[in-house]
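[1] model the structure of this input:
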Amino acid sequence: MTTRIRVSDMTYHTHEEIVQTAIEMADGVDSVDIDSEEQVATVEGDVSPDEVLEKVAMAGYEAETVE
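    Here you go, the predicted structure:
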């Protein structure tokens with residue numbers, strides 16, 4: 001399953017690393033691709049969008065799913 005989320009305030013490379021690490025902590029994540037220009041993370045794997053959003057929130061960022 002592919003999940004795309006838009007992450008607010010992900011403006012620096014270190015922010016991307018924090019968000020990527022947080023998402024990778026979710027069970028079932030196979031890969032994470034961050035597009036810093038669009039502030040979108042694309043997540044591949046058997047993981048629910050809600051769990052991805054929860055991990056991003058735990059890292060201190062606001063996010064929403066993108067269709």
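[2] A26 falls within a helix, correct?
    No. Assigned with DSSP: H, G, I helix; E, B strand; the rest coil, A26 falls outside any helix and is coil.
[3] ok, it - contacts?
    Applying C-beta atoms under 8 Å, 6 or more residues apart in numbering, we find A26 in contact with V47, E51, V52, E54, K55. Quick note: C-beta positions are derived from backbone N, CA and C, even for glycine.
[4] just flag the most distant two among these.
    Using C-beta to C-beta, the contacts of A26 span at most 10.4 Å, a distance reached by V47 and E54.
[5] one step back: which of the contacts of A26 has the largest number of neighbours?
    For the contacts of A26, the largest number of neighbours (other C-beta atoms under 10 Å) sits with V52, at 24 neighbours.
[6] contacts only, for it.
    V52 neighbours (C-beta under 8 Å, 6+ apart): T3, I5, I23, A26, V29, A41, V43, A63.
[7] check the fifth one and give its pLDDT.
    Each residue has a pLDDT score; the one for V29 is 98.
[8] redo the contacts of V52 as TSV? Include secondary structure.
    Formatted as TSV, the contacts of V52 follow (three-state DSSP):
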residue	secondary structure
T3	strand
I5	strand
I23	helix
A26	coil
V29	strand
A41	strand
V43	strand
A63	strand
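[9] for ChimeraX, what selects the buried ones among those residues?
    To isolate the buried ones among those in ChimeraX, judged by 16 or more other C-beta atoms under 10 Å, type:
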select :3,5,23,26,29,41,43,63
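[10] closest to Y12 out of the contacts of V52?
    Distances from Y12 to the contacts of V52, taken by C-beta to C-beta, are shortest for A41, at 14.8 Å.
[11] contacting residues around that closest one?
    4-5, 7, 19-20, 23, 32-35, 52, 56, 63.
[12] name the member of these with the shortest distance to H13.
    The closest of the contacts of A41, once distances to H13 are taken by C-beta to C-beta, is I34, at 9.5 Å.
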